[in-house]
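Participant: build me a structure from this.
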Amino acid sequence: MFDFWLPAAMLAFFNLIGILLLVAGIRELHLAWRSRRWEETVATIEESSLDPCKRKTKHGEEVIYLVKLQYHYQDRAGDQHTGNRISFSYHPTKQIEDHQELFDILQPGRKVQVYYNPSRPDQCTLVGGVEHGSFSSIIIALMWLSMSISVPLMTYWPDFSDQLLVRSMKVMP
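Facilitator: All right, here's what the predicted structure looks like:
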């Protein structure tokens, strides 16, 4: 009994992670899609920084880079809001050149266009709409789910098929 429940519990756990990743990716894609029709206004960048972060890999540590910023803007009703999202698909990478170019543009005091959700003005982004990177979370989630389903099936499928094979055999005396 233990031989069956442990793999089943692990499969359920890994599938749950995959489903959560998929839901988060779909939500991110949906927001990116809707942001192309959000209200536009001008924002002023208050702070920006190019932050190196270390992450562990199987070969040691590597440095990834991310531009962090804070900007403020005023909605149509005249209320002030603060935002920090560059794009729904912006993520840290190892290519410092791309982040350096972005950092050079997004300096404090600079005015930039911002898209904000008129029904929730605190939701905002500097780049509205769907980009190629918007699909990365969904693709990763689908790959995760395909592995978390197929690996256990490949491991246990021969046991089930062997049992069926033995039961269906007719042995002659």
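
Participant: check the average confidence over stretch 101-114, would you?
Facilitator: Over the span of stretch 101-114, the pLDDT mean works out to 95.

Participant: please renumber so the chain begins at 898
Facilitator: Sure, I'll start numbering at 898, so the last one becomes stretch 998-1011.

Participant: buried set for that stretch?
Facilitator: Within stretch 998-1011, the residues that count as buried by 16 or more other Cβ atoms under 10 Å are 999-1000, 1003, 1009, 1011. Yep, even glycine has a C-beta here, placed from its N, CA and C like the rest.

Participant: those residues in helices, which ones?
Facilitator: Among those, the residues falling in helices (DSSP state H) are 999-1000.

Participant: out of the buried residues of stretch 998-1011, which comes closest to residue 933?
Facilitator: residue 1011 (13.3 Å; Cβ to Cβ).

Participant: point out where the chain drops to low pLDDT.
Facilitator: Scanning the chain with the threshold set as pLDDT under 70 gives 898-901, 1031, 1049-1062.

Participant: can you put the buried residues of stretch 998-1011 in CSV and add distance to residue 949?
Facilitator: CSV is the format used below for the buried residues of stretch 998-1011 (distance: Cβ to Cβ, whole Å):
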residue, distance to residue 949
999, 14
1000, 12
1003, 17
1009, 24
1011, 26
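
Participant: widest-spaced pair of the buried residues of stretch 998-1011?
Facilitator: 1000 and 1011 (17.7 Å).

Participant: helix or strand right after whatever helix or strand residue 926 lives in?
Facilitator: Assigned by DSSP states H and E, residue 926 falls within helix 899-932. Downstream of helix 899-932, the first helix or strand assigned by DSSP H and E is strand 936-954.
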